[in-house]
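> Take this sequence and fold it.
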Amino acid sequence: MSDLDFSEEIFSDSRLRSLGGSTIFERGRSYFLQGRVELISLEGTRAHLHVLGSFEYCVDILIDYGDFYAECICPHAESGYFCKHIVAACLALRGHFRESTAGRWKLRIQTALSAVPSILASSRRPDEFLLLFSLQHSYSYWTLNPLILPRRSIPDALWSPDNPADPQEIVEILEHNRWLAEKVRRPRRSLDRSDCMNCGADLVTIANVILGSERTSSTSYYYAYKPPVAEQLALLMGKDAPVFLGTTHTPLERRLIMPPEEASLELEIRRPQDGGAQLRTLLRAGEL
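Numbering: from 1, shown residues only. Reported below is the predicted structural model:
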């Protein structure tokens, strides 16, 4: 094994046990031994895996200077803990390298780094992202939700848009790789324009305004607050914003095309000669 090869010490049992604790390690190892892990993609120093638990969970792993960073979409990991799904994914990745020399990452391990920082979910590195908006119906009202898709969640082999600011190119990537929707999440803090790859400063500002209003309303009585969706959508008109219709679990079901100006919805009722009634919906925009 040359000094450019992957080092199994990164995913050693003792290291994984120290990060997650004995209980989490044993549960993760059990998942691995039961064959519940599938390696979806391996690109450079990044890997994307699926782990079958109560649901199918996505795990992303990045190797960097003798250490590794990992993310999982399960509630335990989202709360900042090292979960059993990450343990199972690490063990599966270690097994992959043992069995396949062709699949090994060409990674220089710096022996001078005798003590590398432990992985902490609370200290994840900043990353570029795609900004998306999801229009969702919740109970008796609609909400417009700013969402982000971290760039590191997209394998380099899939990321080849000529113009990342063109929503249609982003839509095509998502439509051909449905699993990427699993990596979309709500921002936990205000967005930095310099990290956004597909939207201008105006759309990032609108997203931050919506996020700020949600944090303010969280202190209000639940049923007293109704998001001003009409006003929020009006801000997006004419900006070619990446807006989707969806739900909490599937936020990117279908892309919505925003009109360049305000439009009115009209209902037209016709009564054919043979009786009955025909109802037609019309959307009028601009001057007639």
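
> number of nearby residues for residue 174?
Each residue near residue 174 was counted by other C-beta atoms under 10 Å, and the total is 21. C-beta coordinates here come from the backbone N, C-alpha and C atoms, glycine included.

> Can you list the buried residues in the host helix or strand of it?
Using DSSP states H and E, residue 174 maps to helix 167-176. Judged by neighbour count using 16 or more other C-beta atoms under 10 Å, the buried positions of helix 167-176 are 167, 170-171, 173-174.

> ok, the closest residue to residue 53 other than its chain neighbours to residue 34 distance?
What sits nearest to residue 53 in space, not counting adjacent residues and going by C-beta to C-beta, 6 or more residues apart in numbering, is residue 85, at 6.2 Å. Residue 85 is 13 Å from residue 34, where distance means C-beta to C-beta, to the nearest Å.

> okay, these two: which has more neighbours?
residue 85 (29 against 10).

> What is the neighbour count of residue 238?
11.

> where does it land in three-state SS?
Following DSSP: H, G, I helix; E, B strand; the rest coil, residue 238 is assigned to coil.

> repeat for residue 60
Relying on three-state DSSP, one would call residue 60 strand.

> circling back to that earlier point, for the helix holding residue 174, give me every contacting residue.
With contact meaning C-beta atoms under 8 Å, 6 or more residues apart in numbering, helix 167-176 is reached by 130, 132, 154, 158-159, 161-164, 180-181, 198, 240-242, 252, 255.

> next one: stretch 24-39
With C-beta under 8 Å, 6+ apart as the criterion, stretch 24-39 contacts 13, 16-17, 20, 47-53, 81-93, 95-96.

> about what we covered before: give the buried subset of the contacts of helix 167-176 as a ChimeraX selection command.
If you want just the buried ones from these in ChimeraX, going by 16+ other C-beta under 10 Å, the selection is:
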select :130,132,154,161,164,180,181,198,240,241,242,252,255
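
> Let's see which of the contacts of helix 167-176 end up in strands.
130, 132, 255 (DSSP state E).

> and the second one, bridged to which residues?
When you say that, I think you mean residue 132. residue 147 (DSSP bridges).

> quick one: contacts for it?
146-149, 170, 184, 242-244, 251-252.

> so where's the stretch 51-200 of the chain shaky on pLDDT?
The stretch 51-200 of the chain contains residues with pLDDT under 70 at 65, 100-126.

> Next, the buried residues of stretch 77-88.
Of all the residues in stretch 77-88, those buried under the rule 16+ other C-beta under 10 Å are 77, 81-88.

> just these now: which is nearest residue 266?
The closest of these to residue 266 turns out to be residue 77 (C-beta to C-beta; 48.6 Å).

> End to end on stretch 193-211, go ahead and measure it.
End-to-end distance for stretch 193-211, by C-alpha to C-alpha, to the nearest Å: 14 Å.

> which parts of that stretch are buried?
Buried residues in stretch 193-211, defined by neighbour count with 16+ other C-beta under 10 Å: 196, 198-199, 203-204, 206-208, 210-211.

> What about those, which are in strands?
Using DSSP E, no member of these falls in strands.

> Check the separation of the first and last residues in stretch 36-47.
Stretch 36-47 has its terminal residues 16 Å apart, counting by C-alpha to C-alpha.

> quick one: residue 207 and residue 146 touch, right?
Yes - contact criterion C-beta atoms under 8 Å: residue 207 and residue 146 qualify, at 3.8 Å.

> what touches both of these two?
131, 133, 187, 191.

> Surely the last one and residue 207 touch.
Right, residue 191. Yes - counting by C-beta under 8 Å, residue 191 touches residue 207, with 5.8 Å between them.

> what is in contact with the two at once?
Common neighbours of residue 191 and residue 207 (criterion: C-beta under 8 Å, 6+ apart): 131, 146.

> Make JSON lines from the buried residues of stretch 193-211 and add distance to residue 26 to it.
Shown next, in JSON lines, are the buried residues of stretch 193-211 (distance: C-beta to C-beta, whole Å):
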{"residue": "196", "distance to residue 26": "41"}
{"residue": "198", "distance to residue 26": "42"}
{"residue": "199", "distance to residue 26": "44"}
{"residue": "203", "distance to residue 26": "46"}
{"residue": "204", "distance to residue 26": "44"}
{"residue": "206", "distance to residue 26": "47"}
{"residue": "207", "distance to residue 26": "42"}
{"residue": "208", "distance to residue 26": "43"}
{"residue": "210", "distance to residue 26": "43"}
{"residue": "211", "distance to residue 26": "39"}
